Structures are given as C-alpha cells and as structure tokens.
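Visitor: Model the following, please.
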Amino acid sequence: MIDDMTVRNLAPNTMLCYLKQVHYLARYSRKSPAQLTPEDIREYQLYLAQDRKVSVSSRLVAMTALRFLYGVTLRRERFIEMLPMPRKEHHLPVILSPAEVLRFLEAAPSYSHRVIFSTMYGTGMRVSEALHLRMGHIDRQRMMIRIEQAKGTVFQVHSFATHMLDNGAELPVIQVLLGHDDPRDTMIYLHLSRRKLKSAPSPLE
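Guide: Down below sits the predicted model:
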C-alpha cells in the first residue's frame, strides 16, 4: 500500500492517515484486512457510526483510506460498492466582524504572534502555509507572497474571504487567492457576505 501511495505522490500526512485507518480496521477485526469479507467491512462501518459515534468527517477519512486499500492495492473492485461514503454535513463557519478581528489581533500574546495572525488574515493563508512561510517567499517589489504549502489542513481563514467579498472583490478572484479548484467551494461565502445580503432586493420594492 505504501508503494501505491508513493507512486501516486500522496502527501506524507495523507499516507500516514491512510495507514492508521487500515491499522484501526485490522485491530478491530483482529485479522489482516486482506482476509476480510464485505460483511466484515459493513460491521466495522456500523461500529464506527453506532458504537463509537465517530464524526462524519472522520468516517469519510476512514472510508477513503479503505477504498484505496481495496480498490488500488488489493484490486478488489467489488469491495468499493460495500464502502459507501457517508453524507457530508454542511455547516456555515462562524465569521468574525472586522472589529472582532481587530480585537483578536490586539489580544495576540506577542508582537510576533500578531504579525503571523495579521499575515494569515490579510492573505487568507492557512495555518500550515503560515508555518512554512520564509523571508524568501516575500516578493517586496510586487508586494506578493509565494505560498509553498497549498492546502493540507482543514482550518481556513474564512473571515478573510468574507470581508473581501463585502469589500467588493469578485468570487473568481477570491477563488484564485484561496486556491480552490472547485468554484462551489468559494460560493459558500455568498451565504456569509453582509454586502450580498443587504443588496438583495425586497419583493415589496
């Protein structure tokens, strides 16, 4: 499985996560995943959902890993049908107002923390991207920052995108800045923008 993930250039964190999920399955079943039947897999899914009450996002990760194991490494296509992906839960993120963002930045424990938080908010940078930021990534002439570690974590600076939309930036621009491949990922901010909500015409007008 490691070789299959390596040739597909999966990120190290993804590889580790997949291996952990396979280990969890083997520990639960007390035998090699290669020896399991579709019924065994279904029992494990029910165990995660009902007994362990694992979150939907965690079960999505588990099923993605097991789909890779059975579909790619073990080449058991019929197992894929026995590994349905749980329906995603959609929750709108909490958006801070500009005043709340300012208070948050002012409450930073040190000047260096405030610089980091301000950079993340001002650029829409993710936590993992900020951790990999170096002086060589800053283009002073063009006033731009080159982001090396795109994606890789769930955390997103939602307030950045929503405030940009409130200030008149168009969705395609925000999509590029956030590195979204699918424009539908960016359209969530339409639901969070006060400017868009206020500009909606009343049926009584």
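
Visitor: and the top helix by length along the chain, what does it pack onto?
Guide: In the chain, taking DSSP state H as the definition, the longest helix is helix 12-29. When contacts are defined as 3 or more CB pairs under 8 Å, 6 or more residues apart in numbering; DSSP states H and E, helix 12-29 sits against helix 2-7, helix 38-46, helix 56-68. In this view, the C-beta of every residue, glycine as well, is placed from N, C-alpha and C.

Visitor: Please repeat the previous calculation with a cut-off of 6 Å.
Guide: helix 38-46, helix 56-68 (3 or more CB pairs under 6 Å, 6 or more residues apart in numbering; DSSP states H and E).

Visitor: Out of those, which is closest to residue 15?
Guide: Within the helices and strands packed on helix 12-29, the stretch nearest residue 15 is helix 56-68; the backing value is 9.9 Å (CB to CB).

Visitor: Tell me which residues are up against whatever helix or strand comes next after the closest one.
Guide: Next helix or strand after helix 56-68 toward the C-terminus (DSSP states H and E): helix 77-81. Counting by CB atoms under 6 Å, 6 or more residues apart in numbering, helix 77-81 makes contact with 67, 70, 71, all of which sit outside it.

Visitor: The nearest residue to residue 18 once chain neighbours are set aside: neighbour count?
Guide: Nearest non-adjacent residue to residue 18, counting by CB to CB, 6 or more residues apart in numbering: residue 65, 4.0 Å away. With neighbours defined by other CB atoms under 10 Å, the count for residue 65 comes to 24.

Visitor: quick one: residue 65 and residue 21 touch, right?
Guide: Yes: using CB atoms under 6 Å, residue 65 makes contact with residue 21 at a distance of 3.7 Å.

Visitor: what about residue 84, which helix or strand?
Guide: Using DSSP H and E, no helix or strand contains residue 84.

Visitor: Tell me the spacing between the closest residue in space to it that isn't next to it in sequence and residue 123.
Guide: Nearest residue to residue 84, sequence neighbours excluded (CB to CB, 6+ apart): residue 63, at 7.4 Å. Distance of residue 63 to residue 123, given as CB to CB, to the nearest Å: 34 Å.
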